[in-house]
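Asks: Could you work out the structure for the sequence below:
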Amino acid sequence: MSRPLVPDALWAVVEPLLPSEPLKPKGGRPRLPDRAALTGILFVLQSGIPWEMLPQEMGCGCGMTCWRSLRDWQEAGVWDRLQRALLDRLGRHNVIDFRRAALDSASVAAKKGGAQTGPNPTDRGKPGSKRHILTDANGIPLAVRLTGANVHDSRMLEEVVDAVPPIRQSWGR
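Replies: The predicted model follows:
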């Protein structure tokens, strides 16, 4: 049997962070179970397939249902709280290595524009965004910031370092 995308240990961390299902005074369809939605989200993000092609055999509902859960959980701040919870767990086990950190970025197209876009110098000035990611020596992501594609990494260094949340550790600071 293959390993599940959402093992019990991960689900135990994620489940308390999810918003409860809103009341439906007029009834309606029951919502897809959150664990199934998370499984669908992880499958699409890991495989890179389009949302519409999510296999029905997985029991995750349709791709749009999973996408709506992703959107709603983003608006509710679930992913930020999950990152803090996982960083705290790694910190308590002394897995995070602060002796060395790396800041890197990747430019992505932003065809529809938005607040965090700018002319992409590597794509003939088309609108784009840039993800700035700070990792520890083990490659564990500590903080992420989004800017326009024309913002240099050196200008984001302090802001990304300041964005690292306080991490609980089992020893000292």
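Asks: what's the following helix or strand after the host helix or strand of Leu10?
Replies: Using DSSP states H and E, Leu10 sits in helix 8-14. Following helix 8-14 in sequence order, the next helix or strand is helix 34-47 (DSSP H and E).
Asks: Where does the prediction get shaky in this protein?
Replies: By pLDDT under 70, the low-scoring segments of the chain are 1-2, 171-173.
Asks: Quick test: name the residue nearest the centre of the chain.
Replies: Central residue of the chain (Cα atoms, centre = their mean): Trp79, 5.5 Å from the mean position.
Asks: gap between it and Leu45?
Replies: In this view, Trp79 and Leu45 are 11 Å apart by Cβ to Cβ, to the nearest Å. (C-beta placed from N, C-alpha, C; glycine too.)
Asks: contacting residues for Ala163?
Replies: 134, 143-145 (Cβ atoms under 8 Å, 6 or more residues apart in numbering).
Asks: Identify, from those, the entry nearest to Thr39.
Replies: Thr39 lies nearest to Val144 out of those, by Cβ to Cβ, at 23.2 Å.
Asks: and the gap between the residue nearest to Pro50 when sequence neighbours are not counted and Thr39?
Replies: Spatially, and ignoring its direct neighbours in sequence, Pro50 is nearest to Gly63 (7.2 Å; Cβ to Cβ, 6 or more residues apart in numbering). Per Cβ to Cβ, Gly63 is found 12 Å from Thr39.
Asks: likewise Ala9?
Replies: Counting by Cβ to Cβ - Ala9 and Thr39 are separated by 15 Å.
Asks: out of those two, which sits in the busier spot?
Replies: Using other Cβ atoms under 10 Å as the criterion, Ala9 and Thr39 rank with Thr39 on top: 21 against 9.
Asks: Would you agree that one is in contact with Arg3?
Replies: No: Thr39 is beyond contact range of Arg3, at 11.9 Å (criterion: Cβ atoms under 8 Å).
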